[in-house]
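A.B. asks: model this:
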Amino acid sequence: VLANIAATSLSMAVGAASPSTAVANVVGSIAAMVQVLFGGFLLSRSNVAASTAWLFKLSYVNYAFEALMMNEFHGVKDFAFTSYTKPPVSIKVDGDVVLETFGFPTSGLQSAAMSLVAMSCAFL
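C.D. replies: Numbers count the residues shown, from 1 in each chain. Now for the predicted structure:
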């Protein structure tokens with residue numbers, strides 16, 4: 001819900017600041033693509049140049065995805081990865097190891113939610 005509010009706030013801010021509908025459509029589309037691109041599931045923080053890594057901090061999609069990943073994996077013990085090989089191999093790992101492997105924090109769910117609230121308010 002917070003990500004939807006942030007997206008709506010960003011869209012309304014772009015629409016209000018644009019001189020015409022055509023400009024609002026172009027700027028809004030570019031803003032949405034940047035938000036999704038730096039959301040964390042298309043690009044990894046470790047795979048981007050340091051000069052563009054700051055865009056992750058401006059992406060509401062990043063904070064929403066981060067909160068989702070922490071909610072799903074933090075504190076889970078004996079998470080099993082199973083291969084598709086014959087015979088199948090099952091590897092047990094902790095959920096926090098999965099988070100660290102993909103570059104997500106293992107705690108801070110509240111800070112991600114507060115970042116979404118702050119972005120929603122800033123866009124308004």
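A.B. asks: could you use CA atoms for every contact and neighbour count after this?
C.D. replies: OK.
A.B. asks: list the buried ones in stretch 117-124?
C.D. replies: Across stretch 117-124, burial judged by 16 or more other C-alpha atoms under 10 Å covers 117, 119-120, 123.
A.B. asks: and stretch 67-81, by the same measure?
C.D. replies: Buried residues in stretch 67-81, counted by 16+ other C-alpha under 10 Å: 67, 69-70, 73-74, 79.
A.B. asks: kindly present the buried residues of stretch 117-124 as CSV, with separate columns for secondary structure, distance to Gly95 and pLDDT.
C.D. replies: Supplementary listing: the buried residues of stretch 117-124 in CSV, determined by DSSP: H, G, I helix; E, B strand; the rest coil; distance: C-alpha to C-alpha, whole Å; pLDDT from 0 to 100:
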residue, secondary structure, distance to Gly95, pLDDT
Val117, helix, 26, 94
Met119, helix, 28, 93
Ser120, helix, 30, 92
Phe123, helix, 34, 87
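A.B. asks: the strands in this structure, which residues?
C.D. replies: Listed from the start of the chain, the chain has strands (DSSP state E) covering 79-82, 90-93.
A.B. asks: how far does the worst-scoring helix or strand of the chain on mean pLDDT sit from the chain's center?
C.D. replies: Within the chain, no helix or strand scores below strand 79-82, which has a mean of 82 by mean pLDDT, DSSP states H and E. In terms of C-alpha atoms, centre = their mean, to the nearest Å, the gap separating the centre of strand 79-82 from the centre of its chain is 24 Å.
A.B. asks: partners of that strand in the sheet?
C.D. replies: In the sheet, strand 79-82 lines up against strand 90-93 (antiparallel) (DSSP bridges).
A.B. asks: dump the partner strand to CSV, keeping only the CA atoms.
C.D. replies: Only the C-alpha atoms of strand 90-93 are listed here, as CSV (Å, rounded to 0.1, in the frame of the first residue of the first chain):
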residue,chain,number,x,y,z
SER,A,90,18.8,-30.0,-1.5
ILE,A,91,20.8,-27.3,0.3
LYS,A,92,19.6,-25.8,3.7
VAL,A,93,20.4,-22.2,4.4
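A.B. asks: contacting residues around it?
C.D. replies: The set of residues that contact strand 90-93 without belonging to it, under C-alpha atoms under 8 Å, 6 or more residues apart in numbering, is 77-83.
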